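Peer 1: Next one to model:
(one chain, ligands or ions: 2)
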Amino acid sequence: FLQVASPVPQGPNKWHEQFPIAKGQRQSPIDIVTSNAKVDKALSDNPLKVSYSNNCCQSVTNTGASFQVVVDGAGTEISGGPLDSTYKLVQFHAHWGPLGGDEGSEHTVDGVTYPAELHLVHWNQKYKDVGEAVDKPDGLAVIGVFFSRGKEHAGFKPISDLFAKVPRKADKVDISFNYDPACLLPARRDYWTYLGSLTTPPLFESVTWIVMKDPVEVSAEQLAALRNLLWETPSGEGQMCNNYRPPQPLQGRLVRST
Ligand SMILES: COc1ccc2c(ccc[n+]2C(=O)c2ccc(S(N)(=O)=O)cc2)c1
Ligand SMILES: [Zn+2]
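Peer 2: Ligands and ions are numbered 1, 2, ... in the order given. Reported below is the predicted structural model:
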C-alpha cells in the first residue's frame, strides 16, 4: 500500500483552522508590557509556594515538538500567589529558537525575546487527573522561566546531557538519578501572572500563567544541546528549533505583578 508519511505539523498561523480557539479571548503567549502590569499586594501577602521533591522526575521523551520530562507528581506541588488551590507538576519542557539566535521564548518582555523558555506544567488537584483538568478554566498552572545565554547551568546539565539520547520522536530515556526541578527556578521569585492558554494545540484556555521575571543563565552549549533533538521538517528530518508560538492579542487582559 502507498506509505503515507505523517503530515508535517502545521505552523502556528494555521492552527486556527483545526483549533478555532486559537483566535480566542485568552490565548498565550503574550508580550508582557511591564508598564501596564499591575503590582498586586495580594500576590506577595500569600507567596507562591513551590515544594518539589528531588526524586519526582521519571524520564525524558522527545515528543516531536519539544523534550518532555515526565514527573510522577509525588510531592511536587505549588500553591499560593495567584492560585486558589494546590497544583501538581506533571511535566516540564521548553521552546527555543535557531542556533545562536535571541528569539525562541514564547512570552516576550517589552518586545524582548530570550533564546529559550522553560515551562513547568501543573494541574489543579480539585480535578481527578490532568486529563480532566487540562480544558478547565482553572485546570492548569504553568511556570515559565526564561533562559538567557551565559554561563553553564549546573542544575540543567543532567537534563541537557540526555537530549542526545532521545534524537527521534517517541525516543525516551529513564531518569535514574535524583533530580529537583526547583533548581531551574531563578533565585528571585518575582513573577508576572495572567490568565491564558496552552501555547500548542489543543490551545485550551485553561492556564494560569506564572512567568518568572528573572531569566536563568544557561551556556551556549546547553542551548545547542536542545538541537540534538530532531523533528520532521518539510525537507525531512532536521534539528528541532523554532518550536515557539509568537505573542497573541492581549484582548484587554490584566497582567499582575509581584
Ligand atoms: C490528557 O490530556 C492532556 C492533553 C494535553 C496535555 C496534557 C498534560 C500536559 C500537557 N498537555 C498539553 O497539551 C500542553 C500543551 C502545551 C503546554 S504549554 N506550552 O506549557 O502551554 C502545556 C500543556 C494532558
Ligand atoms: Zn510550553
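Peer 1: Just the helices from the protein, written as ranges.
Peer 2: With DSSP state H as the criterion, the chain has helices at 15-18, 41-45, 130-133, 157-160, 220-225.
Peer 1: taking the ones you listed together, which one is wrapped up most tightly?
Peer 2: Comparing the helices of the chain by mean neighbour count (mean count of other C-beta atoms under 10 Å), helix 157-160 comes out on top with a mean of 19. The way it works is simple: take the backbone N, C-alpha and C, and place the C-beta from them, glycine included.
Peer 1: Would you mind listing what in this structure touches ligand 1?
Peer 2: By C-beta under 6 Å from any ligand atom, the part of the chain that sits against ligand 1 consists of 90-91, 119, 121, 130-131, 134, 142, 198-200, 207.
Peer 1: Buried subset of those residues, written for PyMOL?
Peer 2: When burial is assessed using 16 or more other C-beta atoms under 10 Å, the buried subset of those is captured in PyMOL by this command:
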select buried, resi 90+91+119+121+130+134+142+198+199+200+207
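Peer 1: out of the residues of the chain next to ligand 1, which are inside strands?
Peer 2: In strands, judged by DSSP state E, the following of these are found: 90-91, 119, 121, 142, 207.
Peer 1: returning to what we had before: looking at the residues of the chain next to ligand 1, spot the one nearest E217.
Peer 2: H119 (18.0 Å; C-beta to C-beta).
Peer 1: so the closest one touches V142, yeah?
Peer 2: Yes. With contact taken as C-beta atoms under 8 Å, H119 and V142 are classed as touching, separated by 5.1 Å.
Peer 1: circling back: now the ones in strands among the residues of the chain next to ligand 1 in TSV, with pLDDT?
Peer 2: Formatted as TSV, those follow (pLDDT from 0 to 100):
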residue	pLDDT
V90	95
Q91	96
H119	98
V121	97
V142	98
V207	99
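Peer 1: Dump the helices of the chain to JSON lines, plus mean pLDDT.
Peer 2: Listed next are those as JSON lines, based on pLDDT from 0 to 100:
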{"stretch": "helix 15-18", "mean pLDDT": "96"}
{"stretch": "helix 41-45", "mean pLDDT": "97"}
{"stretch": "helix 130-133", "mean pLDDT": "98"}
{"stretch": "helix 157-160", "mean pLDDT": "97"}
{"stretch": "helix 220-225", "mean pLDDT": "97"}
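Peer 1: Tell me which two in the ones in strands among the residues of the chain next to ligand 1 are the farthest apart.
Peer 2: Q91 and V207 (13.5 Å).
Peer 1: Show me the strands in the stretch 101-250 of the chain, by range?
Peer 2: Taking DSSP state E, counting those that start in this stretch as the test, the strands found in the stretch 101-250 of the chain are 108-109, 116-124, 140-149, 172-174, 191-196, 207-212, 216-218, 230-233, 236-239.
Peer 1: Of these, give the one that comes closest to K14.
Peer 2: K14 lies closest, by C-beta to C-beta, to one member of those: strand 230-233, at 15.4 Å.
Peer 1: Could you measure from the closest residue in space to P201 that isn't next to it in sequence over to D135?
Peer 2: Distances taken as C-beta to C-beta, 6 or more residues apart in numbering place F19 nearest to P201, at 5.1 Å, with adjacent residues excluded. Relative to D135, F19 is positioned 12 Å away (criterion: C-beta to C-beta, to the nearest Å).
Peer 1: okay, and the common contacts of those two?
Peer 2: Listed as contacting both F19 and D135 by C-beta atoms under 8 Å, 6 or more residues apart in numbering are P202.
Peer 1: still on that earlier bit, tabulate the ones in strands among the residues of the chain next to ligand 1 in TSV, adding columns for distance to A225.
Peer 2: As requested, those are exported to TSV (distance: C-beta to C-beta, whole Å):
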residue	distance to A225
V90	23
Q91	19
H119	18
V121	21
V142	23
V207	27
